[in-house]
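> using only what follows, build the 3D model:
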Amino acid sequence: MGVPIESLLPYAIMMGMFAFSAGAVGQLKHMQNGGKAARRGLDAWDRVMMERDRRLTGFARGQTDKPQAPPGFELNNPWRVEGRFF
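Just a heads-up that it's a prediction; the model follows:
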């Protein structure tokens with residue numbers, strides 16, 4: 001006895017939605033990283049360098065070959081200074 005095709009239609013729709021969602025999320029991550037593959041297993045140094053690149057170029061994965069920092073970068077310090085107890 002065969003399986004009617006109508007009973008498989010909901011499963012095909014669900015699988016199509018899963019495939020579309022996975023593709024959309026992958027494309028969104030690709031776009032957010034400036035067209036590069038997503039980074040995995042980042043350590044503290046990688047995060048610091050990505051934050052520096054973000055402040056320089058506007059993208060966390062962007063890099064520049066300019067020897068001089070853009071105007072205003074000297075005041076854009078990411079370090080937090082503790083308050084002294086006086």
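> only C-alpha atoms for contact and neighbour calcs from this point on.
Fine.
> grab the longest helix from this structure for me.
helix 5-32 (DSSP state H).
> would you mind listing the buried residues in it?
Applying a neighbour-count criterion of 16 or more other Cα atoms under 10 Å, one finds residue 29 buried in helix 5-32.
> which helix or strand lies directly C-terminal to it?
Helices and strands here follow DSSP states H and E; after helix 5-32, the next one along the chain is helix 44-57.
> just the residues contacting that next one, thanks.
59-64, 69-70, 73, 76 (Cα atoms under 8 Å, 6 or more residues apart in numbering).
> which of those are buried, as a PyMOL select command?
Here is the PyMOL command that selects the buried residues among those (16+ other Cα under 10 Å):
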select buried, resi 59+60+61+62
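> about what we covered before: what helices or strands is the longest helix of the chain leaning on?
If you count contacts as 3 or more Cα pairs under 8 Å, 6 or more residues apart in numbering; DSSP states H and E, helix 5-32 packs onto no helix or strand.
> centre of the chain to that helix, how far?
21 Å (Cα atoms, centre = their mean, to the nearest Å).
> measure stretch 55-63 end to end?
Stretch 55-63 has an end-to-end distance of 10 Å (Cα to Cα, to the nearest Å).
> quick one on the thing from earlier: quick one: which of the contacts of helix 44-57 is nearest residue 3?
The shortest approach to residue 3 among the contacts of helix 44-57 belongs to residue 61, at 50.7 Å (Cα to Cα).
> rewinding a little: quick check: mean pLDDT across the longest helix of the chain?
In this model, helix 5-32 has an average pLDDT of 93.
> looking at the contacts of helix 44-57, which is nearest residue 33?
residue 61 (5.9 Å).
> surely that closest one touches residue 34?
Yes: between residue 61 and residue 34 there is a contact under Cα atoms under 8 Å: 6.4 Å.
> measure residue 64 to residue 53 for me?
8 Å.
> repeat for residue 12
Taking Cα to Cα, one finds residue 12 at 43 Å from residue 53.
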